[in-house]
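In: A predicted structure for the sequence below; I have some questions about it.
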Amino acid sequence: MSGREHGPGEADLAWCHEAVQGVSRTFALTVDVLEEPMASQICVGYLLCRVADTVEDAGHIPPEAQSDVLRTYRRAIDPDDETEIGAFREAVDEWLPAERDDDWTVVAEAPTIAATFEELDPEAQEAIVPPVLEMVDGMAMFVDRHATEGGLRIDDRDELEQYCYYAAGTVGNLITNLLTRGDVAEERADRLRETAEEFGLLLQLVNVSKDVYDDYTEENNVYLPAEWLEAEGVEQERVVHPENRESSARVVDRTADYARSFLDDAQAYLETMPLSNGNTMEAWTVPYLLAVGTLRELGSRPEDALTETGVKVSRQEVFAVMSAASDVGRDSLAELRQTIARTPFHRAVGSAD
Ligand SMILES: CC(C)=CCC/C(C)=C/CC/C(C)=C/COP(=O)(O)OP(=O)(O)O
């Protein structure tokens with residue numbers, strides 16, 4: 001990310017677009033293929049979420065301070081509270097790492113993100129604020145709940161679902177609030193509201209399943225439920241220990257299966273969403289199909305989620321999926337999903353030529 005050209009706390013939409021490219025693969029792709037005004041609304045809305053997510057993931061901030069900083073952020077975002085975003089910037093200052101990566105640059109630039117947000121259409125602001133507040137509340141609650149454990153330690157499936165709801169289901173609601181403004185039939189809006197959280201859960205659970213090693217070694221978080229690990233004889237603290245490789249891999253499998261249970265709802269969302277206000281099929285089809293591909297990879301090598309190797313789809317497949325998604329119709333989603341669940345997509349299209 002290049003240095004900022006705006007003054008401190010000044011709105012800068014172009015900077016926000018650049019920033020999102022550095023912090024989330026999912027939203028970098030999505031914002032690129034949305035049209036205006038949705039592209040900028042999703043970009044700035046997601047950056048507001050990302051500030052909280054980075055503070056929550058920070059292993060170097062003691063839980064008490066983490067929760068205080070999150071609550072200050074919450075008050076600064078809440079239009080009914082007088083707290084200014086500058087109060088958050090001051091509170092987080094001592095925790096900014098000396099070498100700021102893209103994520104911490106976004107945290108340090110929260111005043112710019114907030115100022116840019118205030119220049120969005122007021123209706124879009126109203127759609128974005130409640131899910132962001134819910135996310136920040138949920139994150140502060142999780143930090144408090146696990147304060148004595150040093151990092152997050154998810155206990156059981158219900159707690160995993162609750163965590164994924166705050167981290168990503170709320171983002172699904174944010175997107176849905178933006179999509180259902182204006183002239184959307186009530187039945188259609190209801191269908192979207194019924195399946196939005198599930199779409200978020202799918203994406204978050206795929207991340208939980210594939211990132212076990214990084215989450216533990218870099219952020220001191222274990223999202224694989226203690227209950228599922230115990231059933232395999234594994235203590236959460238030893239989730240990535242080589243002697244537990246096979247047993248932990250069975251829990252990765254179980255978590256990936258849990259993620260698969262949300263695929264139908266995510267597909268229903270894609271089949272229902274309106275393509276107005278700059279929304280496009282491509283934007284949300286890409287993360288959906290990449291989740292299908294990642295689940296396929298996890299199915300064949302769950303143990304790689306427990307080492308530095310990691311699990312991800314190849315760059316060639318990402319390109320092939322992006323190219324197919326650029327003219328995808330709602331009626332071809334089921335078939336694409338079936339193909340990608342079986343074969344890396346670049347090979348499937350390669351062999352069809
Ligand atoms: C209704 C609807 C479309 C719902 C979907 C909601 C949605 C896109 C939620 C965000 C999920 C997520 C895991 C983001 C970060 O992933 P990342 O892989 O970009 O993050 P990383 O680069 O930090 O790993």
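Out: Ah, there it is.
In: what helix or strand is residue 134 located in?
Out: If you go by DSSP states H and E, residue 134 is part of helix 122-145.
In: pLDDT of that helix, averaged?
Out: The pLDDT scores in helix 122-145 average 97.
In: packing partners for that helix?
Out: helix 38-57, helix 63-77, helix 157-164, helix 170-179 (3 or more CB pairs under 8 Å, 6 or more residues apart in numbering; DSSP states H and E). Where you see a C-beta, it was placed from the backbone N, CA and C, and this is true even at glycine.
In: buried residues in the third one?
Out: Of the residues in helix 157-164, those scored as buried under the neighbour-count criterion (16 or more other CB atoms under 10 Å) are 159, 160, 161, 162, 163, 164.
In: who touches the fifth one in this structure?
Out: This means residue 163. By CB atoms under 8 Å, 6 or more residues apart in numbering, the residues touching residue 163 are 138, 142, 152, 154, 223.
In: right, and the second one touches residue 53 too?
Out: Going back to what we said before, that points to residue 142. No - at 11.5 Å, residue 142 does not count as touching residue 53 under the criterion of CB atoms under 8 Å.
In: pull up the residues of the chain that are close to the ligand.
Out: Contact residues (CB under 6 Å from any ligand atom) of the chain with the ligand: 24-27, 168, 171-172, 175-176, 196, 199-200, 203-204, 207, 269, 284, 287.
In: in helices, which of these appear?
Out: 25-27, 171-172, 175-176, 196, 199-200, 203-204, 207, 269, 284, 287 (DSSP state H).
In: quick check: ChimeraX command selecting the buried ones in those.
Out: Command for ChimeraX that selects the buried part of those, burial taken from 16+ other CB under 10 Å:
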select :26,27,171,172,175,176,196,199,200,203,204,207,269,284,287
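In: quickly check the ones in helices among the residues of the chain next to the ligand for the two that are furthest apart.
Out: 25 and 176 (21.7 Å; CB to CB).
In: okay, the angle between the helix holding residue 134 and helix 170-179?
Out: Here helix 122-145 runs at an angle of 170 degrees relative to helix 170-179 (axes from the mean of the first three to the mean of the last three CA atoms, to 10 degrees).
In: hang on, the earlier thing: let's have the buried residues of helix 157-164 in JSON lines, adding pLDDT.
Out: Output for the buried residues of helix 157-164, formatted as JSON lines (pLDDT from 0 to 100):
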{"residue": "159", "pLDDT": "98"}
{"residue": "160", "pLDDT": "98"}
{"residue": "161", "pLDDT": "98"}
{"residue": "162", "pLDDT": "98"}
{"residue": "163", "pLDDT": "97"}
{"residue": "164", "pLDDT": "98"}
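In: what's the closest of those residues to residue 228?
Out: Closest to residue 228, out of all of the buried residues of helix 157-164 and judged by CB to CB, is residue 160, at 8.8 Å.
In: what residues are up against the residue of the stretch 201-350 of the chain found nearest the ligand?
Out: Relative to the ligand, the nearest point of the stretch 201-350 of the chain is residue 203 (3.9 Å; CB to the nearest ligand atom). Contacts of residue 203 were listed using CB under 8 Å, 6+ apart, and they are 26, 168, 287, 291.
In: and the lowest-mean-pLDDT helix or strand in the chain, what's buried?
Out: When the helices and strands of the chain are scored by mean pLDDT, DSSP states H and E, helix 345-352 comes last with a mean of 81. Buried residues in helix 345-352, counted by 16+ other CB under 10 Å: 345, 346, 348, 349.
In: and those, which two are furthest apart?
Out: So, the buried residues of helix 345-352 by CB to CB: farthest apart are 346 and 348, at 7.4 Å.
In: give me the low-pLDDT residue ranges for this structure?
Out: Scanning the chain with the threshold set as pLDDT under 70 gives 1-4, 351-353.
In: change it to 90
Out: Along the chain, segments meeting pLDDT under 90 span 1-5, 7-8, 59, 146-151, 181-183, 219, 326-331, 349-353.
In: which residue is nearest the centroid of it?
Out: With distances taken as CA atoms, centre = their mean, the residue of the chain nearest its centroid is residue 168 (5.2 Å).
In: these two touch, right, that residue and residue 198?
Out: No - applying CB under 8 Å as the test, residue 168 and residue 198 come out as separate, 10.2 Å apart.
In: how does this protein divide into domains?
Out: If you go by the TED database, the domain ranges for the chain are 8-121, 151-345.
In: now do the contacts for residue 100.
Out: residue 108.
In: any idea how far residue 293 is from it?
Out: Per CB to CB, to the nearest Å, residue 100 is found 32 Å from residue 293.
In: cool, and residue 319?
Out: Taking CB to CB, one finds residue 319 at 12 Å from residue 293.
In: ok, the two, which is more surrounded?
Out: Ranked by neighbour count (other CB atoms under 10 Å), residue 319 and residue 293 place residue 293 first, with 23 against 12.
In: on the three-state scheme, the more buried one is what?
Out: helix (DSSP: H, G, I helix; E, B strand; the rest coil).
In: that one contacts residue 316, doesn't it?
Out: No - Residue 293 is not in contact with residue 316 according to CB under 8 Å; the separation is 11.1 Å.
In: centre of the chain versus stretch 124-140, how much separation?
Out: Offset of stretch 124-140 from its chain centre (CA atoms, centre = their mean, to the nearest Å): 14 Å.
In: ok, stretch 289-305 next?
Out: On CA atoms, centre = their mean, the centre of stretch 289-305 falls 17 Å from that of its chain.
In: show me what that stretch is in contact with.
Out: 202-203, 206, 209-213, 245-246, 248-250, 252-253, 256, 259-260, 263, 266, 310-313, 317-318, 321, 324-325, 336-337, 340-342, 344-345.
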